[in-house]
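**Q** A predicted structure for the sequence below; I have some questions about it.
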Amino acid sequence: MSSRLLRLAAIATAAGAFSGLFGVGGGTIIVPLLVLWLGYGQKEATGTSLAAIIVIGLLAAVAQAVYGNVDLWKGLLIAAPAVAGVITGTALQQRISERGVALAFVVLLVASAAVLIF
Amino acid sequence: MEAVDLIGLLVFGFAAGMAGGLVGVGGGVIFVPALVLFADETQLGAQATSLVAIVLVSLVGTWRQHGYGNVRLRDGLLIGVLSPIGVLVGVAVANVVSERALELSFAAVQLVFAWQLAGKAGLR
């Protein structure tokens, strides 16, 4: 196995572990590791992380639906404005420098860590 | 559902999607508390229901980012497909480590990432 494939597998394992433990999609793990280990640009890491989250989220959604824990109507109700938000956010990102996106991500990481600690 | 709840879901939903588009996360960090506060869900129910929104946001976000040339589809899908291995690892770890220790170690990992990313982007 190439070292590149090994690194992708390690990122997948870390993302799966943290999303399983904390119920989040794993984006806060995937984005930094793509940048730090695979030399991705900050924007490339963003887009590629979203592609990974489709699969991670879908697998988790199916597992949760089997147990009857998913309220589809409420999910769609909050998803509708969120889809408008992601279209706006991706468009906005194209007008920001790589450095600006990195700064936004660093702020998110610190905020998320603070929530976990306190 | 009252008007205030509907407005809450709209505002927080939009914010979560926006965060997803800007920095590449699914938005669960915002969806879960919003569903607890405004849609009368339990923490566990909210985590499950939020996945509907996370899947749709990541799907549309990937499509838009692909248009901007920012998606390496093969790498992304590979990470997704291999992630269940990590879920198993996570469950095994959760059985031997306390929840508080897990929270603190996740926080520490995020702070280390923040420091390294800031360095790489020339922010410090």
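**A** Cool, the structure landed. Numbering: from 1, shown residues only, chains lettered A, B, ... in the order given.
**Q** and A:L36, what is it in contact with?
**A** B:F113, B:Q116, B:L117, B:K120 (Cβ atoms under 8 Å, 6 or more residues apart in numbering or on different chains). Where C-beta positions appear, they are placed from N, C-alpha and C, glycine not excepted.
**Q** check which helix or strand the second one maps to.
**A** With the criterion set as DSSP states H and E, the secondary-structure element containing B:Q116 is helix B:99-120.
**Q** counting by contacts, list what that helix packs against.
**A** Helices and strands touching helix B:99-120, by 3 or more Cβ pairs under 8 Å, 6 or more residues apart in numbering or on different chains; DSSP states H and E, are helix A:3-22, helix A:27-38, helix A:98-117.
**Q** give me the angle between the helix or strand hosting B:I7 and helix A:98-117.
**A** For B:I7, the host element (DSSP H and E) is helix B:3-23. With axes from the mean of the first three to the mean of the last three Cα atoms, to 10 degrees applied, the angle from helix B:3-23 to helix A:98-117 works out at 130 degrees.
**Q** now the helices and strands packed on helix B:99-120 in JSON lines, with mean pLDDT?
**A** Converted to JSON lines, the helices and strands packed on helix B:99-120 look like this (pLDDT from 0 to 100):
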{"stretch": "helix A:3-22", "mean pLDDT": "91"}
{"stretch": "helix A:27-38", "mean pLDDT": "95"}
{"stretch": "helix A:98-117", "mean pLDDT": "94"}
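**Q** can you say which of those helices is packed in most?
**A** Of all the helices and strands packed on helix B:99-120, helix A:27-38 carries the top mean neighbour count, a mean of 25, counting by mean count of other Cβ atoms under 10 Å in any protein chain shown.
**Q** which one of the helices and strands packed on helix B:99-120 lies nearest to A:A82?
**A** helix A:27-38 (14.0 Å; Cβ to Cβ).
**Q** which ones are touching the most centrally placed residue in chain A?
**A** Nearest to the mean C-alpha position of chain A, by Cα atoms, centre = their mean, lies A:G27 at 2.2 Å. Contact partners of A:G27, counting by Cβ under 8 Å, 6+ apart, are A:S49, A:L50, A:I53, B:G20, B:V23, B:G24, B:V25, B:G26.
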